[in-house]
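>>> heads up, no residue letters with this:
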């Protein structure tokens, strides 16, 4: 338990430094700053693979699945890349939520900070119960596999493209439970108006982001459980990917149109992991192959988005003529 306590304490220190030191004064996060922080978080996550190797070499962490240090590192990196790639889809939804509630760029980091904090708690609980289910009921892995394939199919069809936060069930329920004001009051989540407490658009956006992250976790948690059922590897790779989500949002949210093919990468990753789950008792793939497939899918989507020119619309062609 000491390793778990130290890891959680490290995460708390990271979050305290983030809000209390580096972002003590609210400001608009520029692309350059976001790029630097994204690089820092990815470097921290990759460096942590060395910690994973050391922990499993020295036997300092429980090893219920009997992993060798090298295999543990491969599973950790693969799991981290899965979570990082699936987080990209989360960025698209966060951008839609901020746009729908007209959240000023000045306050977006604050909303994401508390959103990430809540996500860490919820995902920790989901990982705990997910590992427990797979350990106790081996057949649940087939349920997870089918669910991931269904998610990949829905993503391929683009069923979630018309997501409208203000028309969502969540938004309507918040309005029934607690008064909502349409005005901003600085960075406050709540404000007192005529003697009554009311939620500002910042709080509403936070709740919607929190609940949509839970829905995303329904995909990402089974996906990483297909790689390993080791609780520490699942938790650490997941949390370190989440910590980098804020800087990733500010980095790529301004370039969403450029990543036109990234959804196809996510479809391939989810489908691959789902099939791996379904055939886990008949076919055991080497860890390097899973890592290679996931990396190739992600890099191919990014490369295709950057290299393949967008097709001209019919109107643009007529104007050129």
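Sure thing, it's come through. It should be emphasised that the depicted structure is a prediction, and the values quoted were computed from it without experimental measurement.
>>> Skipping its backbone neighbours, what lies nearest residue 83 in space?
Nearest residue to residue 83, sequence neighbours excluded (C-beta to C-beta, 6 or more residues apart in numbering): residue 241, at 3.5 Å. Every residue, glycine included, has its C-beta placed from N, CA and C.
>>> just the helices in the stretch 151-300 of the chain please.
Taking DSSP state H, counting those that start in this stretch as the criterion, the stretch 151-300 of the chain contains helices spanning 169-177, 201-225, 231-243, 245-252, 262-278, 287-307.
>>> Could you tell me the least trusted of the ones you listed?
Sorting these by mean pLDDT places helix 169-177 lowest, at a mean of 72.
>>> Which elements pack onto that one?
helix 201-225 (3 or more C-beta pairs under 8 Å, 6 or more residues apart in numbering; DSSP states H and E).
>>> in the helix it packs on, what's buried?
Within helix 201-225, the residues that count as buried by 16 or more other C-beta atoms under 10 Å are 201-210, 212-213, 216-217, 219-225.
>>> Packing partners of it?
By 3+ C-beta pairs under 8 Å, 6+ apart, helix 201-225 packs against helix 69-100, helix 105-136, helix 140-157, helix 169-177, helix 231-243, helix 262-278.
>>> next one: that helix to chain centre, how far?
8 Å (C-alpha atoms, centre = their mean, to the nearest Å).
>>> now the angle from it to helix 105-136?
30 degrees (axes from the mean of the first three to the mean of the last three C-alpha atoms, to 10 degrees).
>>> still on that earlier bit, who wins for proximity to residue 46 among the helices of the stretch 151-300 of the chain?
Counting by C-beta to C-beta, residue 46 lies closest to helix 231-243 out of these; the figure is 9.3 Å.
>>> quick one: contacts of that closest one?
3-4, 7, 11, 14-15, 41, 44-45, 48, 52, 55, 61-62, 64, 67, 72, 75-77, 79-80, 83-84, 87, 116, 119-120, 123-124, 127-128, 130-131, 220-221, 224-225, 228 (C-beta atoms under 8 Å, 6 or more residues apart in numbering).
>>> same question, stretch 298-312
81, 85, 258-266, 269, 320.
>>> hang on, isn't residue 184 packed against residue 203?
No: with contact defined as C-beta atoms under 8 Å, residue 184 does not reach residue 203; the gap is 10.8 Å.
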